[in-house]
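Undergrad: Predicted model, plus sequence, below.
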Amino acid sequence: MALVGGSQSRANIKKAKLLQSGPELVRLLELGRVSASLIHEMTTPLTAATLVLDSMDEQQHGSQDFKRVRRNLRMLERYVVAARQQLNGNTQPVSFSLTVAIHQVAMILSARAKAANVKLLINTLGSVRIYGDRIKFQQIIANLLNNAIDAYDDESLPKRMVRLKVEQTVEKKIIISVTDYGCGISSKQLPQIFKPFYSTKSIDKRGIGIGLDITKSYIEQDFNGSIKVTSGQISGTTFKIIIPFRKT
């Protein structure tokens, strides 16, 4: 009984220390636990859906809607596999085409942008390859493009476009800018947006405030880069990623 009591006491001490670390850390740990469970639960229905699509006849395979659904499912499968590898610490950086990775994300989000009456303008460089986790890079781009589309929550906004531009500097750095002309970010909100669980989105948008925190973490830790944001009524809101150019 003494051993059990001692074990419970140690557990209580750990819990107290965790709570003292701040509610954000507790929420992040809980989010990690839920995410791991969710990834596990998603695997079976994803596999089943893919098998159903693969079993459909050739005439259906040729339709654009079918191709779009299968493409989106394949990418979702890759996200789930990559997330599982991240949880297990098994991710491996590779050399990949920046242009191809960005256009794949833009293609998947094109239907969402169209439904929101937002035009995606993508300007990339032809043959640039970068080194790192490809799935994490695509998650970075997807987060920024999704946020930019969400900025047009007000249907009366006239200039409904999202611009993504890639540049390469003489210092061998890649600059990726994502600009929208939507609702904007106030000067009070700007210093807060990269903090975990801080969201500028309304409740019905289901923003929980971890997208930009994760984006910043990936940019800094996986690509040795940085991200900053500016926002103005005329210039729009621009997120700018700066990452060093390296092949390996």
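TA: Yep, that arrived. Numbering: from 1, shown residues only.
Undergrad: Next one: the closest residue to Gly232 other than its chain neighbours from Pro196, what distance?
TA: Computed as CB to CB, 6 or more residues apart in numbering, the closest residue to Gly232 that is not its neighbour in sequence is Gly184, at 7.3 Å. Placement of C-beta: from N, CA and C, glycine included. According to CB to CB, to the nearest Å, Gly184 and Pro196 sit 22 Å apart.
Undergrad: re the thing from before, how confident was the prediction at the residue nearest to Gly232?
TA: If you check Gly184, the pLDDT there is 84.
Undergrad: Ala101 and Gln138 touch, don't they?
TA: Yes. Judged on CB atoms under 8 Å, Ala101 makes contact with Gln138 at a distance of 5.4 Å.
Undergrad: Mark out where each domain of this structure begins and ends.
TA: Using automatic domain parsing, the domain parsing of the chain gives 2-88, 94-244.
Undergrad: Quote the end-to-end distance of the longest one.
TA: Read it as domain 94-244. Distance across domain 94-244, first residue to last, is 15 Å (CA to CA, to the nearest Å).
Undergrad: Which of the domains of the chain has the lowest mean pLDDT?
TA: What stands lowest among these, in mean pLDDT terms, is domain 2-88, with a mean of 59.
Undergrad: What count of nearby residues applies to Asp180?
TA: Residues contacting Asp180 under the criterion other CB atoms under 10 Å number 26.
Undergrad: make that Ile175, sorry
TA: Ile175 has 14 nearby residues by other CB under 10 Å.
Undergrad: for it, what are its contacts?
TA: Going by CB atoms under 8 Å, 6 or more residues apart in numbering, Ile175 touches 166-169, 240-242.
Undergrad: Show me where the chain has its helices.
TA: Assigned by DSSP state H, the helices in the chain fall at 2-20, 23-55, 58-61, 64-88, 98-115, 134-150, 211-223.
Undergrad: what sits in contact with each of Ala101 and Gln138?
TA: By CB under 8 Å, 6+ apart, no residue touches both Ala101 and Gln138.
Undergrad: which residues does the residue lying closest to Ala142 once chain neighbours are set aside contact?
TA: Distance criterion CB to CB, 6+ apart; nearest residue to Ala142, sequence neighbours excluded, is Val105 at 5.0 Å. Residues in contact with Val105 (CB under 8 Å, 6+ apart) are 138, 141-142, 145.
Undergrad: Using JSON lines, please lay out those residues together with neighbour count and distance to Asp222.
TA: Below are the contacts of Val105 laid out as JSON lines (neighbours: other CB atoms under 10 Å; distance: CB to CB, whole Å):
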{"residue": "Gln138", "neighbour count": "20", "distance to Asp222": "12"}
{"residue": "Ile141", "neighbour count": "23", "distance to Asp222": "13"}
{"residue": "Ala142", "neighbour count": "20", "distance to Asp222": "15"}
{"residue": "Leu145", "neighbour count": "25", "distance to Asp222": "19"}
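Undergrad: Can you lay out those residues as TSV showing distance to Ser231?
TA: Shown next, in TSV, are those (distance: CB to CB, whole Å):
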residue	distance to Ser231
Gln138	25
Ile141	19
Ala142	20
Leu145	17
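Undergrad: Between those residues, which sits nearest Thr179?
TA: Closest to Thr179 out of the contacts of Val105 is Leu145 (10.9 Å), distances taken as CB to CB.
Undergrad: from memory that closest one sits against Arg163, does it?
TA: No. In this structure, Leu145 is not within contact of Arg163 by CB under 8 Å, at 10.4 Å.
Undergrad: Name the residues contacting each of the two.
TA: Joint contacts of Leu145 and Arg163 (CB under 8 Å, 6+ apart) are Val178.
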